[in-house]
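# sequence isn't available, so here's the structure alone:
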């Protein structure tokens, strides 16, 4: 019986509580949250679970094997290092850290601990994204990626929308294309309140594969949108999380054969709709974490993956401020 503790029972943390309570062969031992009001709010989920406002109560509990951290990003590094030092396996929500200096400290702590560490880049565990990975060769040579993440309502006080949403996009790019290096960045962030947190960011990033990625994100959009488009030499895939049919495949070539006239008119074929059996990505993520603990293997979004994403975030952020 693998025993878990959760630190943070808010926007994401409550979902981890629900998932662990639904699973067999695991036990949720305790939950920490900085305010106690949340314990009354989710009292049905927390029946029989120890609750505390002190994260160290969970980390230092000898009965706890694994700690899930779903707190504000500015607290991630210190809490993860404390948990690893206490001999716990750690699943840390994204973004892993708020800067590369923190990421370096955490990387060292993971290496020293010899425990399983994983960042919650949940799109890596999305069944639609994994369908893309399995079929990406059908697109030919990858030319371009377009990613869009627009939302409204959840605005963090410690990071801006680029670190919040851009982490998703870059994690997917690393996973799908195994890119290793950014060669060029152009872009701009918008700061509506001049408080150091970007409200909207647009950038074009060139990778070493080579291909370009156009990344668009905003947390002030009243219309929610989450799209990821891959343009290849022989086909294009469009993953639209908000659409009824979430993954469409187009058999179109680029560059197209040009006509002899001044304008080329391209015909768009009917898309193929991907038949994907989709499960809850967050639940897939927890299952993968447990599997890695049992097998001792490196998670898909372990420290190597997550540290590179942190490097990319830092490099892009320096160019778009």
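Structure's in. What do you need? Predicted, not measured: the structure shown is a model, and the values here were computed from it.

# and the pLDDT for the residue sitting nearest the centre point of the chain?
When the chain is reduced to its mean C-alpha position, the closest residue under Cα atoms, centre = their mean turns out to be residue 121, at 2.7 Å. According to the predicted model, the pLDDT of residue 121 comes to 98.

# which one is it nearest to, not counting chain neighbours?
Taking Cβ to Cβ, 6 or more residues apart in numbering, and ignoring the residues beside it in sequence, residue 121 has residue 171 as its nearest neighbour in space, at 3.8 Å. C-beta: built from backbone N, CA, C; applies to glycine.

# show me what the helix or strand hosting that neighbour is packed up against.
Residue 171 belongs to helix 161-177 when assigned by DSSP states H and E. Helices and strands touching helix 161-177, by 3 or more Cβ pairs under 8 Å, 6 or more residues apart in numbering; DSSP states H and E, are helix 127-135, strand 142-152, strand 200-207, strand 211-218, strand 220-232, helix 303-320.

# name every strand pairing with the fourth one and say which way it goes.
Think strand 211-218. Based on DSSP bridges, the pairing partners of strand 211-218 within the sheet are strand 142-152 (parallel), strand 200-207 (antiparallel).

# okay, the ones you listed in a markdown table with distance to residue 3, mean neighbour count and mean pLDDT next?
Shown next, in a markdown table, are the strands paired with strand 211-218 (distance: least, Cβ to Cβ, whole Å; neighbours: other Cβ atoms under 10 Å; pLDDT from 0 to 100):
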| stretch | distance to residue 3 | mean neighbour count | mean pLDDT |
| --- | --- | --- | --- |
| strand 142-152 | 34 | 19 | 95 |
| strand 200-207 | 40 | 20 | 97 |
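
# before we move on, the earlier item: list the contacts of the residue nearest to the centre of the chain.
Taking Cβ atoms under 8 Å, 6 or more residues apart in numbering as the contact definition, residue 121 lies against 94, 167, 168, 171, 172, 175, 301, 305, 306, 309.

# what sits opposite residue 218 in the beta ladder?
Legend: beta-bridge partners of residue 218 under DSSP bridges are residue 150, residue 200.

# quick one, which of the helices and strands packed on helix 161-177 is packed in tightest?
Ranked by mean neighbour count under mean count of other Cβ atoms under 10 Å, those are led by strand 211-218, which reaches a mean of 21.

# who's in contact with that one?
Surrounding strand 211-218, the residues in contact under the criterion Cβ under 8 Å, 6+ apart are 142-151, 161-162, 164-166, 169-170, 173, 177, 187, 199-207.

# do a quick rundown of the helices in the stretch 1-150 of the chain.
Counting by DSSP state H, counting those that start in this stretch, the stretch 1-150 of the chain has helices at residues 13-22, 37-41, 55-59, 76-85, 100-113, 127-135.
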